[in-house]
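J.: here is my input; please provide its structure:
(chains A, B, C and D)
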Number of protein chains: 4
Amino acid sequence: MPALRAAPAWRATEWFNTEAPLTLDALRGRVVMICAFQMLCPGCVSHGIPQAQRVAELFRPDDVQVIGLHTVFEHHEAMAPQALRAFLHEYKVAFPVGVDAPEGDGIPQTMRAYGMQGTPTTILIDREGRLRRQAFGRMSDLQLGAEIMALVAETQNQAMTTAADEPATEGVCTPEGCR
Amino acid sequence: MPALRAAPAWRATEWFNTEAPLTLDALRGRVVMICAFQMLCPGCVSHGIPQAQRVAELFRPDDVQVIGLHTVFEHHEAMAPQALRAFLHEYKVAFPVGVDAPEGDGIPQTMRAYGMQGTPTTILIDREGRLRRQAFGRMSDLQLGAEIMALVAETQNQAMTTAADEPATEGVCTPEGCR
Amino acid sequence: MPALRAAPAWRATEWFNTEAPLTLDALRGRVVMICAFQMLCPGCVSHGIPQAQRVAELFRPDDVQVIGLHTVFEHHEAMAPQALRAFLHEYKVAFPVGVDAPEGDGIPQTMRAYGMQGTPTTILIDREGRLRRQAFGRMSDLQLGAEIMALVAETQNQAMTTAADEPATEGVCTPEGCR
Amino acid sequence: MPALRAAPAWRATEWFNTEAPLTLDALRGRVVMICAFQMLCPGCVSHGIPQAQRVAELFRPDDVQVIGLHTVFEHHEAMAPQALRAFLHEYKVAFPVGVDAPEGDGIPQTMRAYGMQGTPTTILIDREGRLRRQAFGRMSDLQLGAEIMALVAETQNQAMTTAADEPATEGVCTPEGCR
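T.: Numbers count the residues shown, from 1 in each chain, chains lettered A, B, ... in the order given. Sure, this is the predicted structure:
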């Protein structure tokens, strides 16, 4: 098996629902799930965010840290941090959410570093800080629960293979538009 | 039966998805359904707007005109017309949408004139321009279909009574907050 | 407009949820909705029967009579009246249900008289006993509510045209098999 | 931690979807999920069986064996093996299903041996043949996926603790009746 790649650090200009900015290094030892979303992306609102909320409720925080990342790549003025604050309040999102560092009106920096195709994107990082899964679109709860637990169950340095169907992509947004 | 009340005129400062502003007078002869919503209201996004889209697709435009009304009573800066434009684009809302005339940071003018409790609110106006139904929260498709058709079927000056269960109110927003 | 056809009489060998057998003649003056189903038809269990239950709850019995018709055309031994009785109990079906008169192991008599393609089939009969709608598969609640109300609203001898999309047919059963 | 209990052997009088009867001993080395159901139990049809189908599709057969168990404790005549055969065909159930050995008209033998409360019941057995989870009612896909993967990931003799919310119980059936 090839060596696993360390997950890139994220770059956020602002954080909500946390007293201090979160860093990947400080989360070493936990599984990290990143829910990359845009507040005006239909597939994020109907699927990605509610699923991340379910993950945050089911797993113990010591095992799994859920993080939202607002990766705005379109309609920048409509999705400014102030609008995001209202969105998080109305949708009762309680997990920490960072604002991906913008790069003008284009793809923001963390989105680019990970090579994400669009939103929603689900990213799983293992206890050692290695990137283990990156999925654009909708994953089923059954598969996501299984993949997270596979990482939770790892106590050593080895990787497991998991069933990996392609997620569905209705309602997603890419830089070319939303489907 | 008491005399039916004429529906108040709406006051909109801006329109989307229509070449010219719509007026109640000009729609005389058609049944009008108003979907009053806020773009950051969870119950509007998950229920009210998709239902209005289904109504707009099912009935003939000559019989039923669906109109969205953006009745912003909170988070005014996050829901400005420019953000609404992005929202309508991403959610593929094709029916005409008016921006309810703001009244400072409080209840906008049409919302106040109708005495709406919050969003989503569904309003039905008959072919004669009379207010026939105002429901805060979620109506079932079965009931809404029946109530609209009851008005479509009226050709004269008389009113029909329709079964009128109370709609459900999960996910709605009122000036006191969203549920 | 061509003359409307009188709905064929149904032929049932047994009834549940009613003290006496129901006849079309005795229901003259009401709109009748027939939900033709089989207890082992997936599309009937997930869609047709729950929808008929919603109709039975929404409309007034004086306006709309909902009737189930068990049109068994396959697996006859698994769907005998005694099994149907258990099914109706467990699924809490409260409206009257008749057992379509069998014709050996083939298409039962009422199903044949109406020329039904399979199950679920929704049939609407107007206050004058005329067949106004016959739909194989899934109708949306919005459309069904509208079509029923169109018939409820008729007080005289004339017919109205209603929007009539083709219903969806996932999970339905035909004599050639279930989809 | 107390010693884990060996899962009781199941007793089936008949099998579908398998050439030979399945035994717990022969499945040693795999995780086994038992979906105990009744064909006329609403919560089994709407939730338990579709969920078991998703599990059977997601995991590799070498890792997880899904088994249906028809634990009939009511309406025995309506749910005889011949009716079950028709049910499995119409609902396209492809995993092996055993008929729990009846005990007159009461609780069948495997159901009694496990002390199941009703249907649906989900049972997880680890690679060593030990009973690890027994849940009456509805488990979420997220939790079930996680719990199964926790067992799949075990390669040695130790047990892991998993998050264990109580499952929901709408639509379930117990010997006292269906909810």
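J.: low-confidence ranges in chain A?
T.: A:1-2, A:156-166 (pLDDT under 70).
J.: now the angle between helix D:141-152 and the longest helix seen in it, please.
T.: As far as residue count goes, and with DSSP state H defining each element, the longest helix of chain A is helix A:141-153. Between the direction of helix A:141-153 and that of helix D:141-152, the angle (axes from the mean of the first three to the mean of the last three Cα atoms, to 10 degrees) works out to 40 degrees.
J.: what sits closest to the residue in chain A that chain D sits nearest to if chain neighbours are left out?
T.: Chain D sits closest to residue A:145 of chain A, with a gap of 2.9 Å, by Cβ to the nearest Cβ. The way it works is simple: take the backbone N, C-alpha and C, and place the C-beta from them, glycine included. Spatial nearest neighbour of residue A:145, chain neighbours left out: residue D:145 (2.9 Å); criterion: Cβ to Cβ, 6 or more residues apart in numbering or on different chains.
J.: can you give me the strands in chain A?
T.: With strands called from DSSP state E, chain A shows them at A:12-16, A:31-37, A:64-70, A:97-100, A:121-125, A:131-136, A:173-174, A:177-178.
J.: what sits against the nearest residue to residue A:28 once chain neighbours are set aside?
T.: In space, and not counting its chain neighbours, residue A:28 is closest to residue A:129: 5.5 Å by Cβ to Cβ, 6+ apart. Taking Cβ atoms under 8 Å, 6 or more residues apart in numbering or on different chains as the definition of contact, the neighbours of residue A:129 are A:6, A:7, A:24, A:25, A:27, A:28.
J.: let's see 7 Å
T.: Listed by Cβ atoms under 7 Å, 6 or more residues apart in numbering or on different chains, the contact partners of residue A:129 are A:6, A:7, A:24, A:28.
J.: hang on, the residue nearest to residue A:145 packs against residue A:150?
T.: No. Proximity of residue D:145 to residue A:150 does not meet the contact threshold set by Cβ atoms under 7 Å, at 9.9 Å.
J.: which residues of chain A lie near chain B?
T.: In this structure, chain A approaches chain B at residues A:40-42, A:45, A:75, A:77-78, A:82-83, A:86-87, A:90-91, A:178, judged by Cβ under 7 Å from any Cβ of the partner chain.
J.: by neighbour count, which of the residues you listed wins?
T.: With neighbours defined as other Cβ atoms under 10 Å in any protein chain shown, the most crowded of the residues of chain A next to chain B is residue A:41; it has 29 neighbours.
J.: that one and residue A:173 touch, don't they?
T.: Yes. Checked against Cβ under 7 Å, the pair residue A:41 and residue A:173 is within contact range at 4.3 Å.
J.: identify the contacts common to those two.
T.: Once Cβ under 7 Å, 6+ apart is applied, the residues that residue A:41 and residue A:173 both contact turn out to be residue A:119.
J.: picking that back up, which among the contacts of residue A:129 end up buried?
T.: A:7, A:24 (16 or more other Cβ atoms under 10 Å in any protein chain shown).
J.: in JSON lines: the contacts of residue A:129, plus distance to residue B:141.
T.: Conversion of the contacts of residue A:129 to JSON lines gives the following (distance: Cβ to Cβ, whole Å):
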{"residue": "A:6", "distance to residue B:141": "50"}
{"residue": "A:7", "distance to residue B:141": "45"}
{"residue": "A:24", "distance to residue B:141": "46"}
{"residue": "A:28", "distance to residue B:141": "50"}
